[in-house]
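In: curious how this folds, go ahead:
(one chain, ligands or ions: 2)
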Amino acid sequence: MQLNFAAREVTIKLVYYGPALSGKTTNLKSLHQIVKDESRGRLMTLETKDDRTLFFDMLPLTFKSGEEGMPAANAMSMRLKVFTVPGQVLHASTRRLVLQGADGVAFIADSQHAQTENNAASFLDLRDNLKEMGRSIKDVPLIIQFNKRDMPNVRKDAEIEQLAQKGKEPVFTASAVKGEGVLESFFGLLYLTWTKLDEEHQLASKLGLRPEQFLTLAARKLGHQGDVGSLLAACVGGRLLRTGKGR
Ligand SMILES: Nc1nc2c(ncn2[C@@H]2O[C@H](COP(=O)(O)OP(=O)(O)OP(=O)(O)O)[C@@H](O)[C@H]2O)c(=O)[nH]1
Ligand SMILES: [Mg+2]
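Out: Ligands and ions are numbered 1, 2, ... in the order given. The predicted model follows:
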């Protein structure tokens with residue numbers, strides 16, 4: 001996170017991690033489509049013709065708090081930089097580079113039975129890379145998304161829910177290619193990350209924005225008109241809200 005008090009500007013880095021072809025780039029493309037024009041920057045993707053990310057993708061999102069009925073003196077600029085890592089095993093050093101300084105991580109798992117081992121290997125890779133950076137995976141805001149729910153031969157909903165109940169990380173399901181579950185996962189990650197940054201840096205009191213207010217503001221600015229609670233309620237397990245389990 002970069003916090004510029006003078007300019008009242010916060011920059012947050014979010015990273016989509018996971019095995020090759022799990023749908024990280026597709027999540028970012030869907031998010032780019034969902035988000036309002038005024039809040040999104042140019043989506044940068046660098047890939048080969050067979051859908052493989054070579055270096056990384058990056059989507060910048062920006063919004064201001066001033067117009068949402070807040071006094072102008074409290075106006076804040078939020079910059080979110082959302083990255084994807086290249087999932088292929090050979091790009092290990094690029095993954096480490098992109099992961100550096102991440103404020104929050106979305107782990108995009110592939111729901112297909114055949115990908116269970118690749119998911120596990122990538123999760124260990126994430127843990128090890130964080131460890132090398134002197135960070136524990138337990139301390140990093142992390143959500144897990146089971147993507148490709150529309151495909152045949154995927155793990156059953158009940159199995160994923162059971163898995164989610166056991167773990168601490170909030171779990172979401174998605175079909176990124178259809179745009180389903182994309183915003184829910186993103187907001188789960190944003191909420192978790194903002195809550196952690198608030199605890200560490202007392203952002204709420206410094207900036208005059210509680211996590212709930214921040215999320216509502218972000219949702220409006222990014223184009224979600226409905227109830228923000230319903231986005232978070234899509235979480236199938238794990239701990240998302242400070243007050244208890246995520247449903
Ligand atoms: N059916 C289905 N296909 C998906 C879904 N999400 C992604 N795909 C497809 O899976 C392939 C890989 O998706 P990408 O988003 O490029 O995967 P990635 O995780 O960025 O892969 P790397 O960059 O190699 O790490 C593409 O052909 C996508 O269209 C989904 O929810 N359902
Ligand atoms: Mg990719």
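In: from here on, contacts and neighbour counts on C-alpha atoms
Out: Fine.
In: now do the worst-scoring helix or strand of the chain on mean pLDDT: everything it contacts.
Out: Each helix and strand of the chain was given a mean pLDDT (mean pLDDT, DSSP states H and E); the minimum falls on helix 203-207 at a mean of 79. Contacts to helix 203-207, defined as Cα atoms under 8 Å, 6 or more residues apart in numbering, come from residues 8, 74, 76, 197-198, 209-211.
In: sec struct for residue 124, please.
Out: Under DSSP: H, G, I helix; E, B strand; the rest coil, the three-state class of residue 124 is helix.
In: let me know the pLDDT of it.
Out: The predicted local distance difference test score for residue 124 is 98.
In: neighbours of it, just the number please.
Out: With neighbours defined by other Cα atoms under 10 Å, the count for residue 124 comes to 13.
In: how far away is it from ligand 1?
Out: Per Cα to the nearest ligand atom, to the nearest Å, residue 124 is found 16 Å from ligand 1.
In: after the least confident helix or strand of the chain, next one along is what?
Out: Next helix or strand after helix 203-207 toward the C-terminus (DSSP states H and E): helix 211-222.
In: can you tell me the average pLDDT over that next one?
Out: Across helix 211-222, the average pLDDT comes to 82.
In: so which bits of whichever helix or strand comes after that helix are buried?
Out: Past helix 211-222, further along toward the C-terminus, the next helix or strand under DSSP H and E is helix 228-232. Of the residues in helix 228-232, those scored as buried under the neighbour-count criterion (16 or more other Cα atoms under 10 Å) are 228, 231-232.
In: now do stretch 110-128
Out: Neighbour-count burial for stretch 110-128, with 16+ other Cα under 10 Å as criterion, is recorded at 110-112, 115, 118-119, 122-123, 125-128.
In: CSV for the residues you listed, including distance to residue 36?
Out: Conversion of the buried residues of stretch 110-128 to CSV gives the following (distance: Cα to Cα, whole Å):
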residue, distance to residue 36
110, 28
111, 29
112, 32
115, 34
118, 34
119, 32
122, 32
123, 32
125, 34
126, 31
127, 34
128, 36
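In: closest one of those residues to ligand 2?
Out: The nearest member of the buried residues of stretch 110-128 to ligand 2, counting by Cα to the ion, is residue 110 at 12.9 Å.
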